[in-house]
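S.K.: I would like the atomic coordinates for the input below:
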Amino acid sequence: MNVQTLLTFYLINSQAPFKDRNINEEIANSLIYVIEKYYEPRDSAFIICLSYERENTRDFYQDLSEILFRSYDNIKTQIVVKETQGLELKPIPTVKGKLTNFIFHMLVVDSVKSFLNIDLASKVKNYDTNEFYHIFLHNKDRFLDNDIRNILEYCWSNYMINVNVVIQTAAGDIIVYTYFPFNESHCNEVIPVEINRFQNGVMVNPDLFPEKLQNMHKCPVRVTPFHTPPFFSLNDRRNGTTDDEAINGFEGLLLRELSLLMNFTIEIILPPKKDERGHIFNNFSTGAIDMLEQTNQKENQQQAN
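M.R.: Predicted coordinates for the structure are as follows:
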């Protein structure tokens, strides 16, 4: 990968009206750092999406995509320049000639609208992979706080957890934000947190994508069990017995061990007793399956709103 060519091009062609040349050099260096230090050692390919809303960033994005195609020789790269319409992310061949879906993504956007236009959720929802997203948000300071929160809320609502949003202030500081949905003060909530800064050519914290699920800080995980011994059974929960203590069977014991490992609290929600597990017939569901379907419908409605 010829990173110097990319850097030189960035300095010459950057069109951002509110950032000077020295600041633009730091932006380019920060993106190159992530590609070289994190993406290349872990995969043979990644995708970069450049999406814009403002006209004054269009030319830079288009030229950047061209130089990226010419510059990379160590890692396969799909580059997409996005204006208003939907885009299609297609698998590309790996070194061995097989098709692969992208694990590592780099996005360059100039607003929440340009980020949403990429429509990441619909492109990755059918892949059972743990993707990583490094998003550079190119906007003026007064919009940044709200934009960062909106982008991270979208990601969490679509189960995209390995996400960084990188911004550069008018003063030139390059700051990396993410979110931790579970901590000692909240559960299932998105609060942007500064986790890194790019200074003197490196990220201050070498851990670019911190772990977020190893410790869920006693936050609840809802379980809808049905009585199927010896796999899963539920003891009497009266007399102060907690949900954690009530479950039994070897699958139940496995769930209890998992709750200890990840530090979450088991919250049992019983399905209707007449049809515990449930059935699916002609798009109609019952029991625990119906409860899962209804939860998914509620989440989809919340995302649509």
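
S.K.: for the protein, give me the ranges with low pLDDT.
M.R.: Applying pLDDT under 70 to the chain picks out residues 1-25, 58-101, 126-127, 236-241, 272-281, 284, 293, 295-305.

S.K.: domain-wise, how is it divided?
M.R.: For the chain, automatic domain parsing gives the domain ranges 3-203, 220-304.

S.K.: mind listing the strands for the stretch 151-300 of the chain?
M.R.: Using DSSP state E, counting those that start in this stretch, the strands of the stretch 151-300 of the chain run over 162-168, 174-178, 193-199, 202-203, 220-223, 233-234, 247-248, 265-268, 280-281, 284-285.

S.K.: just name the most buried of those strands.
M.R.: Greatest average neighbour count among the strands of the stretch 151-300 of the chain goes to strand 162-168 (a mean of 23), per mean count of other Cβ atoms under 10 Å. C-beta here means a position set from N, CA and C on the backbone, and glycine is covered the same way.

S.K.: rewinding a little: which one, of the strands of the stretch 151-300 of the chain, ends up nearest to Arg54?
M.R.: Nearest to Arg54 among the strands of the stretch 151-300 of the chain is strand 162-168 (15.8 Å), distances taken as Cβ to Cβ.

S.K.: strand 193-199 and that closest one, what's the angle between them?
M.R.: Calculated by axes from the mean of the first three to the mean of the last three Cα atoms, to 10 degrees, strand 162-168 forms an angle of 50 degrees with strand 193-199.

S.K.: quick check: which of the strands of the stretch 151-300 of the chain is nearest to Leu116?
M.R.: strand 162-168 (13.6 Å).

S.K.: what sits up against the closest one?
M.R.: Residues from elsewhere that reach strand 162-168, judged by Cβ atoms under 8 Å, 6 or more residues apart in numbering: 19, 23, 26-27, 30, 130-139, 144, 148, 151-152, 155, 174-179, 192, 195-196, 198, 208-209, 212.

S.K.: that one pairs with which strands, parallel or anti?
M.R.: In the sheet, strand 162-168 lines up against strand 132-137 (parallel), strand 174-178 (antiparallel) (DSSP bridges).

S.K.: let's have the strands of the stretch 151-300 of the chain in a markdown table, adding distance to Ala121.
M.R.: What follows is the strands of the stretch 151-300 of the chain, written out as a markdown table (distance: least, Cβ to Cβ, whole Å):
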| stretch | distance to Ala121 |
| --- | --- |
| strand 162-168 | 12 |
| strand 174-178 | 18 |
| strand 193-199 | 22 |
| strand 202-203 | 27 |
| strand 220-223 | 22 |
| strand 233-234 | 35 |
| strand 247-248 | 33 |
| strand 265-268 | 26 |
| strand 280-281 | 24 |
| strand 284-285 | 23 |
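
S.K.: quick one: the helices in the protein?
M.R.: Applying DSSP state H to the chain gives helices spanning 3-13, 21-34, 58-71, 112-118, 120-124, 141-157, 243-246, 249-262, 287-304.

S.K.: quickly list what Leu234 is bridged to.
M.R.: Note on Leu234: beta-bridge partners by DSSP bridges are Ile247.

S.K.: how close does it get to Tyr179?
M.R.: Noted for Leu234: a distance of 34 Å to Tyr179, by Cβ to Cβ, to the nearest Å.

S.K.: same thing with Val223?
M.R.: Val223 sits 25 Å away from Tyr179, going by Cβ to Cβ.

S.K.: same list (the strands paired with strand 162-168) but as a markdown table, adding distance to Pro229.
M.R.: Compiled in a markdown table, these are given as follows (distance: least, Cβ to Cβ, whole Å):
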| stretch | distance to Pro229 |
| --- | --- |
| strand 132-137 | 41 |
| strand 174-178 | 42 |
